[in-house]
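Student: no FASTA, just this:
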């Protein structure tokens, strides 16, 4: 699972879509998109674009949210939200 | 269910946290947070703050993502991602 994790950051959404499609094309059955803070909406966009436009035989099978404590540049602790979106290819694509 | 839906937009996150807490205090067993586009990360923040800080006997029991077609100010159709986060109070709070 860990090998199939794609960390979604501040690049254009199509970068992450392409990363997911590449994972599937290389034979992965599942890809996990992981994002935090403001990148969360980009991870949702990427999952929706993959599922609707590029890999129609895939689907979102699990979504989890959580909180991580991070240290900002002033050495202050602050909380940031995390999302993990699991996209799986269904068997009936064969 | 519809009556317990809170639409998360561009206001400060604590506005939405307060709206959820108020719903629970008025006797609701479940609240649905709904957001689209860039507000998605704010909905996740609100759910996490409610669960971790304000209503510890509640938990996120379902998360769904989808896509809606909207018309922008140029009358062009564009897609926007949606998230729906269901927060439920567990029975063992009694």
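Tutor: Now that the structure is in, tell me what you want to look at. Bear in mind the structure is a predicted one, so any value in this text is a computation, not a measurement.
Student: how about the residue nearest the centre of chain A, what does it touch?
Tutor: Nearest to the mean C-alpha position of chain A, counting by C-alpha atoms, centre = their mean, stands residue A:33 at 1.5 Å. Applying C-beta atoms under 8 Å, 6 or more residues apart in numbering or on different chains, we find residue A:33 in contact with A:5-6, A:8, A:16, A:20, A:43, A:46-47, A:83-85, A:87. For every residue, glycine as well, the C-beta is placed using N, CA and C.
Student: and the strands in chain A?
Tutor: Per DSSP state E, chain A has strands spanning A:5-8, A:30-36, A:58-71, A:77-89. These are given in chain order.
Student: most tightly packed of these?
Tutor: Across these, averaging neighbours per residue (mean count of other C-beta atoms under 10 Å in any protein chain shown) puts strand A:30-36 on top, at a mean of 22.
Student: and residue A:67, what does it touch?
Tutor: A:79-82, B:48, B:52.
Student: for it, which non-adjacent residue is spatially closest?
Tutor: Beyond its immediate neighbours in the sequence, the residue positioned closest to residue A:67 (C-beta to C-beta, 6 or more residues apart in numbering or on different chains) is residue B:48, lying 4.8 Å away.
Student: my guess is the one you found contacts residue A:68, does it?
Tutor: No - applying C-beta atoms under 8 Å, one finds residue B:48 not in contact with residue A:68, separated by 10.0 Å.
Student: need the overlap of contacts for the two.
Tutor: A shared contact of residue B:48 and residue A:68, defined by C-beta under 8 Å, 6+ apart, is any residue touching both; here these are residue A:79.
Student: shaky segments in chain A?
Tutor: Applying pLDDT under 70 to the predicted model, the residue ranges of chain A that meet it are A:1-3, A:91-94.
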